[in-house]
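Novice: pasting the sequence and the predicted coordinates here, then a few questions.
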Amino acid sequence: HDGLRSVTELCRDADEKVRYYAMQSYVELSRKTEWCRDMLDFQVLEIIDSNMTTPVGTPKTLLEKASVECLANICASGDCRSLLEARDIVKKLSDLSQLGDKHIARHAARGLAYLCRDDR
């Protein structure tokens, strides 16, 4: 968990490039569902929220795109589904899909599709 703690600290760095690479680490970790619950413990959803800063209709940053990809991967983890539903993640993904960015919309739709699967 020291690694996750370090990544989380880097996600709060003042430099956007550092935050982007830290989020890329989260994206890689989130592909392994056994890490997803731990990532939620380290406030990854709050970090993702804080990364989504550019106004609707303006081009999205690489950091924002990586953040939504990470969120979609966490949605794939059956372990996390009830936790995500409690955080109103369906509305969040729906809102993200309306931002006017194809990459973000694709990952938001993927996250919604994972949440709709009933394989618990």
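Specialist: Yep, it's here.

Novice: neighbouring contacts of the host helix or strand of K92?
Specialist: Element membership of K92 [criterion: DSSP states H and E] is helix 89-97. Residues from elsewhere that reach helix 89-97 (Cβ atoms under 8 Å, 6 or more residues apart in numbering): 45, 52, 68, 71-72, 75, 104-105, 107-109, 111-112, 115. All C-beta atoms are positioned from the backbone trio N, CA, C, and that covers glycine.

Novice: next, K60: phi, psi?
Specialist: Note on K60: its backbone torsions stand at phi -90, psi 150 [degrees, to the nearest 10].

Novice: what count of nearby residues applies to it?
Specialist: 19 (other Cβ atoms under 10 Å).

Novice: what does V44 give?
Specialist: By other Cβ under 10 Å, neighbour count at V44 equals 25.

Novice: which residue packs closest to it, ignoring adjacent ones?
Specialist: Y26 (6.2 Å; Cβ to Cβ, 6 or more residues apart in numbering).

Novice: residues of stretch 23-33 that come out buried?
Specialist: M23, Q24, S25, Y26, V27, L29, S30 (16 or more other Cβ atoms under 10 Å).

Novice: off-centre distance for it?
Specialist: 9 Å (Cα atoms, centre = their mean, to the nearest Å).

Novice: other residues contacting that stretch?
Specialist: 4, 7, 10-11, 35-36, 39, 44, 47, 51, 63, 66-67, 69-70, 73-74, 76-79.
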